[in-house]
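[1] have a look at this prediction, sequence included:
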Amino acid sequence: MSRRRGGIDETAMIRELHKIMPHAGGTHTGSLVMEKTLEILIPTYRRPAGAAQAIESCLANPTERLSVRCNSNGYQPELEKYRNHDVRLTYECFATNRGVHANFLHLLQSTTARFCMLLSDEDSIDPDGVPRFLDFLDQCPESTRVVTSSIFDLEANRFYFRADDRFAGLELDLAVVMALSLVPSYMSGCVFSVRRLAEVDLAALFTASPGNAYPHIDVAWHLLRGGYLRTYQPQFVLKGKDIQEGGDGYSHRTSCESRAAENLDLNPNIYGAHARARQFYYSECLRSGLRSSIGLVAYYTAQLCWFAFFTNTVLGAGKVVMADRRRPVEEPVRLALEEARLANEFSGTPFAHLFMPVVSLPRFWQRIVLKIVGKSVGILQVFAIKVVVKGYWNCQRSERPPDPASLSPLGRYQTHVAASDGVSAGSEPAPPAETLNPSRKASTSRDWGKATR
């Protein structure tokens, strides 16, 4: 929702200022001042207690360089107290549930800070870490378009996601990011340059589709076609306890109680075998379109990693979705394949053709295939980390995007923001990632984090 004062659309005015004055254009108490460094975006649905905790953690530090914007996908009386609660907070809600994609889109189109960060309504931030994180963002050059923060799991008392320390201070291009899955599936801690968001067709990226389950990944990929990613290793984002109602993972349920102790009872439209297969075909189609932009090594590493991830999630759907407990996966995957073809979401690559045969194999041969794929991904990622750290890949600070001709053959770089080619840009998250460590092989375990959107 745009802010209007005296007939002037302030949000539109600020976005125009971004184009000519990158570090100006924010508003505070109605007057034009230097923009906020960061606005934290909290999409929520039927989780008022979690959303309130997330909001309070963001406001706990009194800095004026940070603001918060929360939008509820429906009226929540418990959250109405946050209207006009703090000059740094904007709380809004849709009259009715308009879906996860509309909620994301509204928040990203409304923000006016220099950077914005997504935060689940299950999570919070460390108030004591705010100044250090803001200083980090203030020091980022204009070429930095995406930042991924570490995520510390409070329940497990360890990092859920943390990039290798040797990536600190480096600007990483799209090829590196895709090869090493440096944008995690869990949305919290994903930071975008707001000025650069204006160059991306967000409406296309957030088109509602059964395969478009994690659009924040695709936003990052599109931004990185013309810029770099930086990683933030210190503790900042705090992963909270899983709230077993509302959000996207539990929106199908009316009670917090699970129907079966051995089954997580997640939303079948997101975590079921059919849904996961649609996500595979959708995201694979998009990755295949990036092949010429990132080079063969990065392309095949990313494709193999995602192939293993989605194969595992399809085969494991019966453990997390009630409807898939005793149903063979071949039928829902075959249906997903037919739908993907009709929706023009089938790329025709060998990866797309092999998915159905692999999930239809006897379990013994599935394990063999996945073991080979997992080892291949591990070897390629360890190799990629070594060449990045040694400086052979294109990973450096630079105020301007580099000349593509000067890059390493490992990762070609596209210096312009390309439009989505056919598919409404998309989907899937990086495979589950904890600490990216070159001594560890790539993980293909399933990520059941329900990042509320």
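    Cool, got the structure. Numbers count the residues shown, from 1 in each chain.
[2] which of the helices and strands in the protein ranks last by mean pLDDT?
    Counting by mean pLDDT, DSSP states H and E, the chain has its least confident helix or strand at strand 24-28, which shows a mean of 42.
[3] could I get the full set of strands for the stretch 201-350 of the chain?
    With strands called from DSSP state E, counting those that start in this stretch, the stretch 201-350 of the chain shows them at 228-239.
[4] residues contacting Leu354?
    Taking Cβ atoms under 8 Å, 6 or more residues apart in numbering as the criterion, Leu354 is in contact with Phe307. Glycine gets a C-beta too; all of them are placed from N, C-alpha and C.
[5] helix, strand or coil for it?
    helix (DSSP: H, G, I helix; E, B strand; the rest coil).
[6] pLDDT score assigned to it?
    We have a pLDDT of 95 for Leu354.
[7] so how far is stretch 35-49 off the chain centroid?
    15 Å (Cα atoms, centre = their mean, to the nearest Å).
[8] could I get the buried residue list for it?
    35-48 (16 or more other Cβ atoms under 10 Å).
[9] want to throw these into a markdown table with secondary structure, distance to Thr148 and pLDDT?
    Shown next, in a markdown table, are the buried residues of stretch 35-49 (DSSP: H, G, I helix; E, B strand; the rest coil; distance: Cβ to Cβ, whole Å; pLDDT from 0 to 100):
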| residue | secondary structure | distance to Thr148 | pLDDT |
| --- | --- | --- | --- |
| Glu35 | coil | 22 | 82 |
| Lys36 | coil | 20 | 92 |
| Thr37 | coil | 17 | 97 |
| Leu38 | strand | 14 | 98 |
| Glu39 | strand | 17 | 98 |
| Ile40 | strand | 15 | 98 |
| Leu41 | strand | 15 | 98 |
| Ile42 | strand | 18 | 97 |
| Pro43 | strand | 18 | 95 |
| Thr44 | strand | 22 | 94 |
| Tyr45 | coil | 24 | 91 |
| Arg46 | coil | 28 | 89 |
| Arg47 | coil | 24 | 91 |
| Pro48 | helix | 28 | 93 |
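[10] which two in those are spaced the farthest apart?
    By the measure Cβ to Cβ, Glu35 and Arg46 form the most distant pair in the buried residues of stretch 35-49, at 32.5 Å.
[11] from Cys285, how far out is Gly378?
    25 Å (Cβ to Cβ, to the nearest Å).
[12] these two: which is more packed in?
    Ranked by neighbour count (other Cβ atoms under 10 Å), Gly378 and Cys285 place Cys285 first, with 24 against 18.
[13] could you find the closest non-adjacent residue to that one?
    Ser347 (4.3 Å; Cβ to Cβ, 6 or more residues apart in numbering).
[14] any idea which helix or strand carries Pro141?
    Using DSSP states H and E, Pro141 falls within no helix or strand.
[15] likewise Val358?
    Using DSSP H and E, Val358 falls in helix 350-359.
[16] and whichever helix or strand comes after that helix, which residues are buried?
    Sequence-wise, the next helix or strand downstream of helix 350-359 (DSSP H and E) is helix 363-389. Neighbour-count burial for helix 363-389, with 16+ other Cβ under 10 Å as criterion, is recorded at 366, 369-370, 373-374, 376-378, 380-381, 384-385, 387-388.
[17] could you do stretch 163-180 as well?
    163-164, 166-167, 170-180.
[18] what do you get for stretch 333-346?
    Buried residues in stretch 333-346, defined by neighbour count with 16+ other Cβ under 10 Å: 333, 336-337, 339-340, 343, 345-346.
[19] where helices are concerned, which of these count?
    With helices taken from DSSP state H, the overlap with the buried residues of stretch 333-346 comprises 333, 336-337, 339-340.
[20] for the buried residues of helix 363-389, which one is nearest Arg230?
    Set against Arg230, the nearest of the buried residues of helix 363-389 by Cβ to Cβ is Val388 (13.1 Å).
[21] now the terminal residues of stretch 143-162, how far apart.
    22 Å (Cα to Cα, to the nearest Å).
[22] check the offset of it from the chain's centre.
    12 Å.
[23] any weak-confidence spans in the stretch 101-250 of the chain?
    244-250 (pLDDT under 70).
[24] show the contacting residues for Ser150.
    159, 161-163, 189, 232-237.
[25] could you redo the last one with a cut-off of 6 Å?
    Counting by Cβ atoms under 6 Å, 6 or more residues apart in numbering, Ser150 touches 159, 162, 233.
[26] can I get those residues in a markdown table with distance to Asn212 and neighbour count?
    What follows is the contacts of Ser150, written out as a markdown table (distance: Cβ to Cβ, whole Å; neighbours: other Cβ atoms under 10 Å):
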| residue | distance to Asn212 | neighbour count |
| --- | --- | --- |
| Phe159 | 28 | 16 |
| Arg162 | 27 | 23 |
| Gln233 | 30 | 18 |
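[27] and of those residues, the nearest to Asp128?
    For the contacts of Ser150, the nearest to Asp128 is Gln233 (15.9 Å; Cβ to Cβ).
[28] for the closest one, give me its contacts.
    So Gln233 contacts 150, 165, 168 (Cβ under 6 Å, 6+ apart).
[29] pretty sure the first one sits in a strand.
    Same thing as Ser150. Yes - assessed with three-state DSSP, Ser150 lies in a strand.
[30] gap between the two ends of stretch 85-104?
    22 Å.
[31] any buried residues in it, and which?
    For stretch 85-104, a neighbour-count test (16+ other Cβ under 10 Å) marks 88-91, 93-94, 99-104 as buried.
[32] what about it, distance to the chain center?
    The answer for stretch 85-104 is 19 Å, by Cα atoms, centre = their mean.
[33] show the average pLDDT along stretch 289-304.
    88.
[34] list the buried ones in that stretch?
    289-291, 293-295, 297-304.
[35] convert the C-alpha atoms of it to CSV, please.
    Extracted in CSV, the C-alpha atoms of stretch 289-304 (Å, rounded to 0.1, in the frame of the first residue of the first chain):
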residue,chain,number,x,y,z
GLY,A,289,17.5,-21.3,-19.0
LEU,A,290,20.5,-20.0,-17.0
ARG,A,291,23.0,-22.5,-18.5
SER,A,292,24.6,-20.0,-20.9
SER,A,293,24.9,-17.4,-18.1
ILE,A,294,26.8,-19.6,-15.5
GLY,A,295,28.9,-22.1,-17.4
LEU,A,296,28.8,-25.9,-17.6
VAL,A,297,30.5,-26.7,-14.2
ALA,A,298,28.2,-24.5,-12.2
TYR,A,299,25.2,-25.6,-14.2
TYR,A,300,25.7,-29.3,-13.8
THR,A,301,26.6,-29.0,-10.1
ALA,A,302,23.4,-27.1,-9.5
GLN,A,303,21.3,-29.4,-11.5
LEU,A,304,22.7,-32.6,-9.8
